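Student: build me a model from this:
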Amino acid sequence: MNAMVGDRLLMHGNAVGEPDRRGEIIEVRGADGGPPFVVRFEDGHTGLVFPGPDTVVIPSQRSA
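Tutor: Prediction:
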């Protein structure tokens, strides 16, 4: 999984009733665009994310 700053991250809820989490990638720390990513989530929380199989990168218009 590769990403660029400005791409969106969608983390699907992995339990019944758990909502999806969305955020913007503000830093890519891995080599060649790989994880981990620093993500600013919609609620304002910022965190280091090592994406799992329930995560999707949505390219920004700049990287498309």
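Student: where does pLDDT dip in this structure?
Tutor: Counting by pLDDT under 70, the chain contains low-confidence residues at 62-64.
Student: which strand is the longest one in it?
Tutor: In the chain, with assignment by DSSP state E, the single longest strand is strand 21-28.
Student: packing partners for it?
Tutor: Applying 3 or more Cβ pairs under 8 Å, 6 or more residues apart in numbering; DSSP states H and E, we find strand 21-28 packed against strand 8-11, strand 37-41. For the C-beta atoms, the positions are set from N, CA and C on the backbone; glycine is no exception.
Student: how about that strand: buried residues?
Tutor: Across strand 21-28, burial judged by 16 or more other Cβ atoms under 10 Å covers 21, 23-25, 28.
Student: against Ile25, how distant is the nearest residue to Asp32 once chain neighbours are set aside?
Tutor: Among residues not flanking Asp32 along the chain, Asn2 sits closest, at 6.7 Å (Cβ to Cβ, 6 or more residues apart in numbering). Distance, Asn2 to Ile25, by Cβ to Cβ, to the nearest Å: 11 Å.
Student: please apply the same query to Ala31.
Tutor: 15 Å.
Student: also Glu18?
Tutor: Glu18 is 21 Å from Ile25, by Cβ to Cβ.
Student: just Pro35 next, same as before
Tutor: Going from Pro35 to Ile25 by Cβ to Cβ gives 10 Å.
Student: overlap of the contact sets of these two?
Tutor: Common neighbours of Pro35 and Ile25 are listed as Ala3 (criterion: Cβ atoms under 8 Å, 6 or more residues apart in numbering).
Student: do you know how far Asn2 is from Glu18?
Tutor: Separation of Asn2 from Glu18 (Cβ to Cβ): 26 Å.
Student: more neighbours: which of those two?
Tutor: Legend: neighbour count by other Cβ atoms under 10 Å for Asn2 and Glu18, higher for Asn2 (14 against 10).
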